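**Student:** Sequence plus predicted model, see below.
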Amino acid sequence: MKIKLTIELVPSTVWFSSLYNIFKNSSQQALWRDIKNMIFKKEGRKCWVCGRTDRRLEAHEFWDYDDKNKIQKLVAIHHLCDLCHKVKHIGLWLHTDKGARLLDQQGLDSFDVVNHFCAVNNCDQDVFDKCEEEAFKVFAERSKYQWKQDFDAYEKIIRPLIKNEY
């Protein structure tokens, strides 16, 4: 079965070192807005995964992992609807008190997130459970290591903004 909407858990050792956070922490949010606007022009105002146009869109960084050399590479940024984005960051939304509170504030609950995963992937709860279990196994293994980050096409933009080597 091909899973269109996947769960992506970033290793804990690189939490908060995303491109978005680099821009935010260096007071360069305008650069992030420029990237978002470029994506809107290129892809339109719809979710890159499910195609929805009726929900809030949020930019999401897509990473590839070289598990042998411990390199996390930024490969793309796409807009996702808020529900697809919640699936990508399911650790926060379904497994923390903060996520539960935020869902409640938005008039949502964990069933909305799981049901969205199942609807997009045309699958049942068992498939979701297996995908989530596998994602957490990968997360646990990858979180044992420090990762070198490769921002690829964005490297020239961020190099002057970061003080530490990543």
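**Tutor:** In hand now; what should we look at?
**Student:** can I assume residue 144 sits in a helix?
**Tutor:** No. Counting by DSSP: H, G, I helix; E, B strand; the rest coil, residue 144 is not part of a helix but coil.
**Student:** okay, and the helix or strand of the chain with the least pLDDT?
**Tutor:** Of all helical and strand segments in the chain, the minimum by mean pLDDT, DSSP states H and E falls on helix 155-158, at a mean of 67.
**Student:** What is the burial count for residue 59?
**Tutor:** 18 (other C-beta atoms under 10 Å). All C-beta atoms are positioned from the backbone trio N, CA, C, and that covers glycine.
**Student:** Help me confirm that it is found in a strand?
**Tutor:** Yes. When three-state DSSP is applied, residue 59 is found to be in a strand.
**Student:** quick one: the strands in this structure?
**Tutor:** When assigned using DSSP state E, the strands of the chain occupy the ranges 57-66, 71-81, 148-150.
**Student:** Mind listing residues that contact the second one?
**Tutor:** Translated: strand 71-81. 10-11, 14, 19, 35-36, 39-40, 43, 45-50, 52, 55-66, 88, 147-152, 154 (C-beta atoms under 8 Å, 6 or more residues apart in numbering).
**Student:** ok, residue 88 - contacts?
**Tutor:** 6, 7, 8, 60, 80.
**Student:** which stretches of the chain have low pLDDT?
**Tutor:** 156-166 (pLDDT under 70).
**Student:** repeat that for 50
**Tutor:** 164-166 (pLDDT under 50).
**Student:** where do the helices sit along it?
**Tutor:** Using DSSP state H, the helices of the chain run over 19-25, 29-43, 82-88, 90-95, 97-105, 110-121, 125-142, 155-158.
**Student:** What subset of the contacts of strand 71-81 is buried?
**Tutor:** 10-11, 14, 19, 35-36, 39, 46-50, 52, 55, 57-61, 63, 65, 88, 147, 149-151, 154 (16 or more other C-beta atoms under 10 Å).
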